[in-house]
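[1] what would the 3D arrangement of this be:
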Amino acid sequence: MGEDVRLRAVVALAQSMAAAHTPRESWRAAALGARDALGGTFAALSTWERDLGRLRVLVNAGERDAGEEEFPDAETYPVHQFSEITEFLHEQWAGGGEPHAWVETAEGPGPGAHGYCQQRVAALRRRGRGCCVVAPIVLHGRAWGELYVARPAGAPVFGRDDAKFATVLASVVAAGIAQTERLEEVRKLAFTDPLTGLANRRAVDMRLDEAVERFLLDGSVVSLVVCDLNGLKRVNDTHGHAVGDRLLERFGSVLSYCGAMLPGALAARLGGDEFCLVSVGPEADEVVAAAEELCVRAGELELGEGVACGVASTGDPIGPVPSARRLFRLADAAQYRAKAARSPKPVVAGRDGTVIALADHPPAATRDRRRFRDARPDPVLLPEPGPLPEPAAPAGPARPGDGDGPESGRSGAGRSGPAGEPEGPAGRGGEPGGT
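    Residues are numbered from 1 along each chain as shown. This is a model prediction of the structure:
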């Protein structure tokens, strides 16, 4: 292979890893790029999990054998069976050398060859492969894992120059992995609440907007559970903010536990004493059951005073839901009803006759902390609030594609003001909260 061809292969590998948006995309780009650069038919990327003493396969790319998954969940190998990563490589570094790749064949080790492993040889034979080149990946000065490229039986065997080139490719892969890890860390900071480890308001905005778009497209059930942790202000005033923070952390764990009852649900802290669950797919009754469990467990927290919980789901008769903002408004109204009534159970929009009217005509209040943070007025002014109407007949299930005029715009969440005071419902939007 000419130098120009190999240089282009290195550039292509670096570019494909740089274009990846997720770790999986990055791993796949690394494996495929190395496979193509070395003229192989199969490639794998593995990482050394030191705490568990094993090599874990991250991706298998190319011509996979039966039983080889592209992104395996549990393909691991005890590291003591691959001693080169813990012994041979470290001896080389300790002697001032650099880690380098080596070649193995289905025929077994050659005279004086380093790094050969009988398990790899057996795997080559079992899967009909004739040879492989293994290159250690070094990240932050430590062995991170290995890059593995194979050719089928009968194909030309990798040579010394291929092993040298594989070492170069492994260094390019290491740089790409380092970049991916940095991006993941930034992404985690941007979308995670630092106190509880839950998702933050920004993550909720994105997830709920996507969920409502999906609902409008195919009618998938989208549900939102909004809850306020009662008594936080009293705990802060009486025991100090450090104790209040521990209460928030404990409730965050309870929320995460109950959210796990709903596959794929996002558990989040919106800011202050307010939390939420976003669910896409599970039926409304399942979401209400999870919310009920949440109320029970929150009531058992030491120093806490339970939680006020509101639920809004497109699986219930809540009328048109053209935007995430509308769903937030309904969940807020339900939560407001729960807080005002000191309800030990969640209040559910569409099952409580006053919630929808309350969402459409919030009561005037001099200290209403449920105003949109971005202060964007609805395009159509609502009439002055009056007495709540009598409960009406169910409005019918939410229908994809229907509009309700004033409820357009992006979702958001976050409220300000002292905890524990009466609140009136409204939507959300604007700056992030709880980050």
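
[2] hey, where'd the helices end up in the stretch 101-250 of the chain?
    Along the stretch 101-250 of the chain, counting by DSSP state H, counting those that start in this stretch, helices occupy 118-126, 160-191, 201-218, 232-239, 241-259.

[3] so which of the ones you listed is the most surrounded?
    Mean neighbour count (mean count of other CB atoms under 10 Å) peaks for helix 201-218 among the helices of the stretch 101-250 of the chain, with a mean of 20. Any C-beta I mention is one placed from the backbone N, CA and C, and that applies to glycine too.

[4] what's the angle from that one to helix 160-191?
    With axes from the mean of the first three to the mean of the last three CA atoms, to 10 degrees defining the directions, helix 201-218 sits at 100 degrees from helix 160-191.

[5] and helix 201-218, what does it pack against?
    The helices and strands touching helix 201-218, judged by 3 or more CB pairs under 8 Å, 6 or more residues apart in numbering; DSSP states H and E, are helix 160-191, strand 222-229, strand 266-271, strand 274-280, helix 324-340.

[6] so for R8, which of these sits nearest?
    Nearest of the helices and strands packed on helix 201-218 to R8, taken as CB to CB: helix 160-191 at 12.7 Å.

[7] ok, which of the helices and strands packed on helix 201-218 comes nearest G259?
    G259 lies closest to strand 266-271 among these, at 3.9 Å (CB to CB).

[8] how far off centre is that closest one?
    Relative to its parent chain, strand 266-271 has a centroid offset of 13 Å by CA atoms, centre = their mean, to the nearest Å.

[9] quick one: average confidence on that strand?
    The average pLDDT for strand 266-271 rounds to 94.

[10] quick one: T354 from A135, how far?
    Taking CB to CB, to the nearest Å as the measure, T354 falls 67 Å from A135.

[11] comparing the two, which shows the higher neighbour count?
    A135 (26 against 17; other CB atoms under 10 Å).

[12] touching, the more buried one and G145? I think so.
    No. Using CB atoms under 8 Å, A135 makes no contact with G145, being 10.0 Å away.

[13] surely L358 touches Y336?
    Yes. With contact defined as CB under 8 Å, L358 reaches Y336; the gap is 6.8 Å.

[14] show me what the closest residue to A199 other than its chain neighbours is bridged to.
    For A199, ignoring the flanking residues on the chain, the nearest one in space by CB to CB, 6 or more residues apart in numbering is A268 at 3.9 Å. Going by DSSP bridges, A268 is paired in beta bridges with A199, C276.

[15] residues in contact with A268?
    The neighbours of A268, taking CB atoms under 8 Å, 6 or more residues apart in numbering as the test, are 193, 198-201, 203-204, 275-278.

[16] do you know how far it is from V121?
    Using CB to CB, A268 is found at 50 Å from V121.

[17] with G128 instead?
    Plainly put, G128 is 13 Å away from V121 if you go by CB to CB.

[18] are we agreed that E69 is in a strand?
    No. Read with DSSP: H, G, I helix; E, B strand; the rest coil, E69 is coil and lies in no strand.

[19] find the nearest non-adjacent residue to it, please.
    N60 (6.5 Å).
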